[in-house]
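Novice: can you look at this prediction? I've put the sequence above it.
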Amino acid sequence: MATQTKSLMGVSDQTEKVLPELALGDEVFLALCEDTLIFLDLRRDDYVSIEPRFTDRLLESLGLPGSGTSASSGRVVDAAEFSALLSDLAEAGLVSIQATTRPFEMLDHPGDIQELQRFGVGGPGVRWSHLLAMAKAVVRARWKLGIWPLSRAVNSVQQRRPVPPAPPPQEHLRALVEIYRKLRPLFMSRRDKCLLDALTLIEFLASYAIYPNWVFGVRNNAFAAHCWVQLDSLVLDDDLENVCDYAVIMRC
């Protein structure tokens, strides 16, 4: 995943609050990492962080509660500087100062989040049909990430999922994910990034009419972006400890 992040800076802490109504731009997502707001511009596969002093002002403008952190709480920012920051964000397409009907929700991990239980020695057997499904999944995932912009790949995952998706039997899901783990070294190297790994698993499971979510997260301490595959509260392809180190910025 792209791990470059730009920081939009602001200055003085003065005068009264002026809080215009804001909405996120199209295909823009937002996460709060400790005291810092990070935007994901899906169209550009780019991340932008905002100086922590502006966190509570922006949250309030989006109709959300403050962060409650010492770096941003109780800070009064000069109205002109805040307006200039909003202009920069609007020019970048990250926010719209004109209110829209798009609902906004700050995402978080489910309270009952858990890992998919692994098999011990052995596990389910691999059939030729699994090999064929895996080969097709790798080709589709490489094609989508190599030819399409990320936003189109994300939309393809969203549009394919039925509403509501039928929950698969957990043992069937567990067996298929284990088969994917067994086949992965035959088709991908350890250096392949989480984007390809996650999308390949999604494509593999789609062959069996299973449609999990593609979840994107960010962390601010030594900035990093990551993604994984999750079905409701069940993390399919990652360690719970690693996943919970990231704030959820997009779920598709």
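Specialist: Perfect, I can see it now.

Novice: going by C-alpha atoms from here, please, whenever you check contacts or count neighbours.
Specialist: Noted.

Novice: gap between the longest helix that the chain contains and the chain center?
Specialist: The helix that spans the most residues within the chain, counting by DSSP state H, is helix 128-147. The chain centre lies 22 Å from the centre of helix 128-147; the measure is Cα atoms, centre = their mean, to the nearest Å.

Novice: mind listing what's buried along that helix?
Specialist: When burial is assessed from 16 or more other Cα atoms under 10 Å, helix 128-147 yields the following buried residues: 130-131, 133-135, 137-138, 140-142, 144-145.

Novice: repeat for stretch 204-220
Specialist: Here stretch 204-220 shows 204-206, 210-220 as buried, counting by 16+ other Cα under 10 Å.

Novice: got these as JSON lines, with pLDDT, secondary structure and distance to V121 columns?
Specialist: Putting the buried residues of stretch 204-220 into JSON lines (pLDDT from 0 to 100; DSSP: H, G, I helix; E, B strand; the rest coil; distance: Cα to Cα, whole Å) gives the following:
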{"residue": "F204", "pLDDT": "98", "secondary structure": "helix", "distance to V121": "23"}
{"residue": "L205", "pLDDT": "97", "secondary structure": "helix", "distance to V121": "23"}
{"residue": "A206", "pLDDT": "96", "secondary structure": "helix", "distance to V121": "26"}
{"residue": "I210", "pLDDT": "95", "secondary structure": "coil", "distance to V121": "25"}
{"residue": "Y211", "pLDDT": "95", "secondary structure": "coil", "distance to V121": "27"}
{"residue": "P212", "pLDDT": "95", "secondary structure": "coil", "distance to V121": "26"}
{"residue": "N213", "pLDDT": "94", "secondary structure": "strand", "distance to V121": "28"}
{"residue": "W214", "pLDDT": "96", "secondary structure": "strand", "distance to V121": "28"}
{"residue": "V215", "pLDDT": "96", "secondary structure": "strand", "distance to V121": "29"}
{"residue": "F216", "pLDDT": "96", "secondary structure": "strand", "distance to V121": "31"}
{"residue": "G217", "pLDDT": "95", "secondary structure": "strand", "distance to V121": "32"}
{"residue": "V218", "pLDDT": "95", "secondary structure": "strand", "distance to V121": "34"}
{"residue": "R219", "pLDDT": "91", "secondary structure": "strand", "distance to V121": "34"}
{"residue": "N220", "pLDDT": "87", "secondary structure": "coil", "distance to V121": "38"}
